[in-house]
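Q: predicted model, plus sequence, below.
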Amino acid sequence: MRRPETLDVLTLLRALSDATDKLAFGALLRGPIIGLSDAELLDIVNELGEWKDGRPPDLSLLTDVSGLSNDYAKSAIETLQQLRRRSFAVPPAQLLSEAIEALLIRPILAARHVSRNARAIINLDALVEMARRYSVFGLSSLVEELQQQWERGATVQEARSDSVEEAVQIVTMHNSKGLEWPIVIPIGTATNFRQPSKFVHQPGDNTLHWVVGGVAPASLDAARKEEARQQALERQRMWYVVCTRARDLLIVPNLPTSRAASWYRAVRLDKLELPEVNLDLLPNEVVEDRPAEANLQTAEKFAEEAAIVAASAPELRWRQPSLHDADRAPAVIDLPPSSELTDPAPPPIGAGPLRGTLLHKLAEEVITDELTVTPEALTVRAGELLTQLRSQFLGQEIEFPDPAQAATLIRDTFAIEDVATLLPFLEAEVPVWNADGGILLAGRVDALIVREGRVLGVLDWKSDVNPSPKVKSDYAVQLDEYMSVTGAIAGALVFMTSGELIWIGDREELLAQLTPAPPAI
């Protein structure tokens with residue numbers, strides 16, 4: 001694990017998982033991924049404010065850097081801040097993949113490791129694969145595992161790159177396990193065995209034997225013989241590994257004058273009647289000498305070819321409305337006035353995001369008929385879900401939602417007339433996607449209104465307590481995008497806390513489509 005690319009990834013993930021880890025954040029800014037100099041870092045700190053009591057102003061992933069004059073540093077830190085916000089919504093593997101692309105880590109590794117850049121990049125992909133074992137809230141656990149492996153110097157087999165397929169690779173016997181090559185030639189087989197240690201350990205009874213003061217214990221001779229036997233068997237196993245790594249050809253050097261204590265003599269290779277390698281069939285010239293060709297490419301031709309390359313790889317932009325991307329289109333939908341509430345809803349108990357997660361999950365299970373809309377069943381299930389949520393925030397001081405209040409909100413939500421009418425036609429948590437030129441949209445709809453395989457409408461649950469008109473308008477834009485993707489007639493924002501419904505599109509037409517036609521007379 002003690003490879004430069006592993007340290008780079010560990011530093012990056014430590015900074016993203018803990019905004020207060022200033023050591024990791026500073027190492028990331030100063031290291032090869034960002035590459036700021038000491039002078040640049042000092043200028044950045046001085047721009048953030050005045051020093052107080054000899055201490056510089058705070059610089060972390062929580063610092064507002066919009067006023068920095070260093071455009072590169074500002075862009076890099078803002079990218080890291082966006083990635084940190086993403087860490088609460090995506091699994092570590094996806095977060096690391098996005099960070100690799102956003103921070104251009106692959107080109108950086110390729111420039112740093114000129115002779116082994118392909119292997120460094122493959123090792124980077126292996127770290128991404130390692131992160132796939134962790135869920136959305138598993139970033140801290142991944143960082144902890146990487147940190148432990150780095151500190152104890154854990155040995156991990158380096159990844160193999162396809163770029164060395166035609167190259168000569170030198171690999172130890174132990175590291176060749178599980179791998180394969182077209183041609184294998186064992187080298188260094190004339191090397192003698194290591195001298196036996198004066199201490200002999202017997203794993204069977206966990207005893208240690210050695211000579212004390214020139215006096216050898218009675219068990220030492222038997223222990224040495226047993227150790228020699230075990231080592232001989234291990235050498236034979238190593239030879240078996242070597243001889244089974246070749247796919248097409250195994251070439252074993254013939255060393256008749258090698259010593260008895262050499263690797264060549266570990267197995268009786270001299271007794272094998274192997275044919276001698278015939279090199280006469282190989283071509284005389286492996287590489288054909290070709291005369292140098294003049295470069296006839298003109299500036300116009302280069303520009304034409306560059307335009308073709310650029311056109312073949314158009315820039316793609318992902319939009320995920322549910323994540324409230326900063327580049328989302330401005331709201332342009334006029335909303336009806338809010339309804340007057342005679343009985344204001346009580347203030348929520350617990351953190352907003354956790355409360356929203358709980359309510360969305362309960363609504364999903366009601367739609368899929370896994371849960372009945374009764375206070376008792378809803379309260380019990382809410383308590384079970386909160387227990388699962390608490391296990392992901394051990395040691396953190398977080399106020400969790402009240403299960404009884406969540407159950408009441410779900411009951412009241414599905415008692416709303418329009419929601420109750422639509423319930424038999426709802427399908428929960430449906431992924432949607434769309435491609436519009438270079439803009440790709442991906443998201444997950446809380447509930448689709450479907451009849452006879454046709455999508456008629458969209459419902460979007462919202463757990464906000466008192467959303468502002470601007471927030472409601474933003475939600476409406478998000479809903480309108482999902483309606484465009486699904487071809488829905490209408491859609492509704494369902495504010496669970498207040499019981500308010502905001503319809504977008506033709507509500508009457510949607511309800512008419514759900515009403516069965518009268519039988520023909």
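A: That came through fine.
Q: helices of the stretch 51-200 of the chain, residue ranges please.
A: 71-86, 92-102, 105-112, 117-131, 139-151 (DSSP state H, counting those that start in this stretch).
Q: quick one: mean pLDDT over the third one.
A: Looking back up the chat, that one is helix 105-112. Helix 105-112 comes out with an average pLDDT of 86.
Q: contact partners of it?
A: 4-5, 8, 32-33, 99-100, 117, 120-121, 124 (Cβ atoms under 8 Å, 6 or more residues apart in numbering). Just so you know, the C-beta spots here come from the backbone N, C-alpha and C atoms, and that holds for glycine as well.
Q: for the buried ones among those, write the corresponding PyMOL selection.
A: Remark: buried members of these, expressed as a PyMOL selection using 16 or more other Cβ atoms under 10 Å:
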select buried, resi 5+8+32+33+99+100+117+120+121+124
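Q: next, the buried residues of stretch 413-426.
A: 413-414, 416, 419, 422, 425-426.
Q: quickly note the distance from the closest residue to residue 34 other than its chain neighbours to residue 103.
A: If the residues on either side of it in the chain are set aside, residue 34 comes closest to residue 76, at 5.1 Å by Cβ to Cβ, 6 or more residues apart in numbering. Between residue 76 and residue 103 the distance is 8 Å, computed by Cβ to Cβ, to the nearest Å.
Q: cool, and residue 132?
A: 20 Å.
Q: the two: who's more crowded?
A: residue 103 (19 against 11; other Cβ atoms under 10 Å).
Q: the more buried one reaches residue 33, doesn't it?
A: Yes. Residue 103 is in contact with residue 33 according to Cβ atoms under 8 Å; the separation is 5.6 Å.
Q: what residues are shared contacts of those two?
A: The contact sets of residue 103 and residue 33 overlap at residue 12 (Cβ under 8 Å, 6+ apart).
Q: low-confidence bits of the stretch 401-521 of the chain, can you list those?
A: Within the stretch 401-521 of the chain, the stretches with pLDDT under 70 are 437-438, 516-521.
Q: do the same with the stretch 201-350 of the chain
A: 270-271, 285-287, 316, 318-350.
Q: name the helices or strands packed onto the longest helix along the chain?
A: In the chain, taking DSSP state H as the definition, the longest helix is helix 220-243. On a contact count with 3 or more Cβ pairs under 8 Å, 6 or more residues apart in numbering; DSSP states H and E, helix 220-243 meets strand 200-202, strand 207-209.
Q: look up how far residue 224 lies from residue 509.
A: 92 Å.
Q: actually residue 455, not the one I typed
A: To residue 224, residue 455 is 79 Å away according to Cβ to Cβ.
Q: who has more neighbours out of the two?
A: The neighbour comparison of residue 455 against residue 224 (other Cβ under 10 Å) goes to residue 455, with 19 against 15.
Q: bridged to the more buried one, which residues?
A: Judged by DSSP bridges, the bridge partners of residue 455 are residue 450.
Q: that one against residue 449, yeah?
A: Yes. Between residue 455 and residue 449 there is a contact under Cβ under 8 Å: 7.1 Å.
Q: list residues touching both of the two?
A: By Cβ under 8 Å, 6+ apart, the residues touching both residue 455 and residue 449 are residue 488.
Q: outline the domain layout of this structure.
A: Under the assignment automatic domain parsing, the domains of the chain span 4-163, 174-271, 321-514.
Q: export the ones you listed to TSV and tack on distance to residue 312?
A: Compiled in TSV, those are given as follows (distance: least, Cβ to Cβ, whole Å):
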stretch	distance to residue 312
domain 4-163	19
domain 174-271	34
domain 321-514	13
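Q: which one of those lies closest to residue 289?
A: Closest approach to residue 289 among the domains of the chain (Cβ to Cβ): domain 4-163, 23.8 Å.
Q: where along the stretch 151-300 of the chain do the strands fall?
A: 181-184, 200-202, 207-209, 246-250 (DSSP state E, counting those that start in this stretch).
Q: could you dump those strands into TSV with mean neighbour count and distance to residue 402 added?
A: TSV is the format used below for these (neighbours: other Cβ atoms under 10 Å; distance: least, Cβ to Cβ, whole Å):
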stretch	mean neighbour count	distance to residue 402
strand 181-184	15	63
strand 200-202	16	61
strand 207-209	13	62
strand 246-250	13	64
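Q: list the contacts of the residue minimising distance to the centre of the chain.
A: Nearest to the geometric centre of the chain sits residue 93, at 0.6 Å (Cα atoms, centre = their mean). Going by Cβ under 8 Å, 6+ apart, residue 93 touches 128-129, 131-132, 134.
Q: of those residues, which is the most crowded?
A: Busiest of the contacts of residue 93 [other Cβ under 10 Å] is residue 131, holding 22 neighbours.
Q: wait, what's in contact with the residue nearest to residue 34?
A: By Cβ under 8 Å, 6+ apart, the contact set of residue 76 is 29, 34, 36, 103.
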